[in-house]
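Peer 1: mind folding the following:
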Amino acid sequence: MKQNPQEVAGRPKKFISKETIIKNTEKNIRESEIGLEFGLPEERENIKDKNERRKHAIQRMKNEPLS
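Peer 2: A predicted model of the protein is given here:
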């Protein structure tokens with residue numbers, strides 16, 4: 001089994017801010033919307049569903065308190 005690189009002994013865990021995660025998710029939404037015009041009907045439906053889940057995840061992250 002391959003070891004998670006962040007769990008290797010002596011290596012600090014990488015911290016990613018909530019803002020960075022939100023920006024990356026928004027970028028993924030924009031990029032996948034470009035693919036909508038090239039995909040097959042089933043693929044387009046999958047992309048639309050995934051983007052809806054991404055939008056809900058962004059909203060949850062924005063509403064959750066800082067930890």
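Peer 1: nearest the geometric middle of the protein, what residue?
Peer 2: Thr25 (4.1 Å; C-alpha atoms, centre = their mean).
Peer 1: counting neighbours, what do you get for Glu37?
Peer 2: By the criterion of other C-beta atoms under 10 Å, Glu37 has 7 neighbours. Heads up, the C-betas are built off the backbone N, CA and C, glycines and all.
Peer 1: and if you look at Glu52?
Peer 2: Count around Glu52 with other C-beta under 10 Å applied: 11.
Peer 1: can you tell me the SS state at it?
Peer 2: Classification of Glu52 using DSSP: H, G, I helix; E, B strand; the rest coil returns helix.
Peer 1: ok, Pro12 next?
Peer 2: Going by three-state DSSP: Pro12 is coil.
Peer 1: got a pLDDT number for it?
Peer 2: On pLDDT, Pro12 comes in at 70.
Peer 1: same question, Ile21
Peer 2: 95.
Peer 1: which residues touch it?
Peer 2: If you count contacts by C-beta atoms under 8 Å, 6 or more residues apart in numbering, Ile21 has them with Met61.
Peer 1: could you measure from it over to Phe38?
Peer 2: 27 Å (C-beta to C-beta, to the nearest Å).
Peer 1: go on, Asn24?
Peer 2: In terms of C-beta to C-beta, Asn24 sits 22 Å off from Phe38.
Peer 1: more neighbours: which of the two?
Peer 2: Between Asn24 and Phe38, Asn24 has the larger neighbour count (other C-beta under 10 Å), namely 11 against 8.
Peer 1: pull the distance from the one helix or strand the more buried one maps to to the chain's centre.
Peer 2: Per DSSP states H and E, Asn24 falls inside helix 18-35. In terms of C-alpha atoms, centre = their mean, to the nearest Å, the centre of helix 18-35 is set 7 Å apart from its chain centre.
Peer 1: thanks a lot, catch you later.
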